[in-house]
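[1] Fold the following, please.
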Amino acid sequence: MSDLNTRFRPEEMTTATGSGKWLGYQNVGIVDWESKSDLYDWADVYLIAKLKLEDSQYLQDLKFVGSFDKEPNGNIKACTLLKRLYWLFDEIGFQGGPNVQGEMVDENGKSIDLVNHLNINYVTDPLKPSMDYIVYIYKELSKKDGKAYTTVFPKIAPNTPAGRKDLEGYINFMKSKNLIKEVEDGDTSATSNGIISESPVSDNPF
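    Okay, the predicted model is just below:
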């Protein structure tokens with residue numbers, strides 16, 4: 001007989017999927033921003049949002065990485081990287097973005113150091129973080145070394161019932177198209193040292 005005073009949480013409302021406590025849909029706060037684009041000649045953008053997960057001492061990296069598609073005259077055009085950046089900017093409330101030359105500007109068209117601007121305006125207190133967003137975290141098999149790495153899908157949503165519903169719908173769509181390739185629980189190639197590891201750049205086209 002069940003105890004009427006214990007917490008009732010149906011299986012379908014479990015935050016994490018599988019056996020990994022920090023996998024699945026996770027509430028997060030952004031505590032820092034970094035850029036590594038200067039380390040890679042091919043990367044127009046290598047932006048990293050440092051995420052604080054609820055009840056975890058470790059940070060996780062949410063990466064927006066790639067090169068812009070360009071017109072013959074060198075101007076940037078619609079592409080996956082641009083789409084992902086505006087998903088991010090719209091959710092955090094940043095009104096700027098790249099100009100047609102791919103240089104970052106604020107809402108007034110003034111050139112900015114994007115990481116510096118984001119660190120001033122779009123972070124939460126790391127000591128008392130506000131879990132304003134929700135992301136999807138999973139283990140993905142690397143094509144480079146055959147190992148599984150913890151990966152944050154490059155889409156962020158507000159931590160609201162509507163935000164979670166939208167993110168779940170998109171993740172389910174991506175899975176149905178086999179564009180998210182998760183490693184099943186028990187895969188012996190998966191990393192399991194308890195620390196969320198640096199993951200390779202995803203080949204995901206969306």
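[2] and the helix ranked longest in the chain, average pLDDT?
    Assignment by DSSP state H gives helix 161-176 as the longest helix of the chain. For helix 161-176, mean pLDDT is 96.
[3] Counting by contacts, list what it packs against.
    Using 3 or more C-beta pairs under 8 Å, 6 or more residues apart in numbering; DSSP states H and E as the contact criterion, the elements in contact with helix 161-176 are strand 24-35, strand 133-141, strand 157-158. C-betas here are computed from N, CA, C, even on glycine.
[4] Sketch out the low-pLDDT regions of the chain for me.
    1-20, 185-206 (pLDDT under 70).
[5] where do the strands sit along it?
    Applying DSSP state E to the chain gives strands spanning 24-35, 45-53, 59-66, 97-98, 104-105, 133-141, 148-152, 157-158.
[6] buried ones in stretch 63-76?
    Within stretch 63-76, the residues that qualify as buried are 63, 64, 65, 66, 67, 68, 76, counting by 16 or more other C-beta atoms under 10 Å.
[7] Include distance to residue 124 when you put the strands of the chain into a markdown table, please.
    Below are the strands of the chain laid out as a markdown table (distance: least, C-beta to C-beta, whole Å):
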| stretch | distance to residue 124 |
| --- | --- |
| strand 24-35 | 4 |
| strand 45-53 | 7 |
| strand 59-66 | 12 |
| strand 97-98 | 22 |
| strand 104-105 | 22 |
| strand 133-141 | 10 |
| strand 148-152 | 17 |
| strand 157-158 | 13 |
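[8] how about these, which one is nearest residue 173?
    strand 133-141 (12.0 Å; C-beta to C-beta).
[9] Can you name every helix or strand that the closest one contacts?
    Of the remaining helices and strands, those touching strand 133-141 by 3+ C-beta pairs under 8 Å, 6+ apart are strand 24-35, strand 148-152, strand 157-158, helix 161-176.
[10] can you count the residues close to the closest residue to residue 164 other than its chain neighbours?
    Spatial nearest neighbour of residue 164, chain neighbours left out: residue 134 (5.4 Å); criterion: C-beta to C-beta, 6 or more residues apart in numbering. Residues within reach of residue 134, counting by other C-beta atoms under 10 Å, total 21.
[11] and if you look at the one 5 residues further on?
    When counting by other C-beta under 10 Å, one arrives at 24 neighbours for residue 139.
[12] these two touch, right, it and residue 181?
    No: taking contacts as C-beta atoms under 8 Å, residue 139 lies outside contact range of residue 181: 9.7 Å.
[13] picking up where we left off before, of the helices and strands packed on helix 161-176, which is nearest residue 51?
    Taking the helices and strands packed on helix 161-176 one by one with C-beta to C-beta, strand 24-35 is closest: 4.2 Å.
[14] Okay, buried residues for the closest one please.
    Those would be 24, 25, 26, 27, 28, 29, 30, 31, 32, 33, 35, for strand 24-35 by 16+ other C-beta under 10 Å.
[15] check contacts around residue 93.
    residue 122 (C-beta atoms under 8 Å, 6 or more residues apart in numbering).
[16] before we move on, the earlier item: so can I have JSON lines of the helices and strands packed on strand 133-141 showing distance to residue 41?
    Converted to JSON lines, the helices and strands packed on strand 133-141 look like this (distance: least, C-beta to C-beta, whole Å):
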{"stretch": "strand 24-35", "distance to residue 41": "14"}
{"stretch": "strand 148-152", "distance to residue 41": "23"}
{"stretch": "strand 157-158", "distance to residue 41": "32"}
{"stretch": "helix 161-176", "distance to residue 41": "29"}
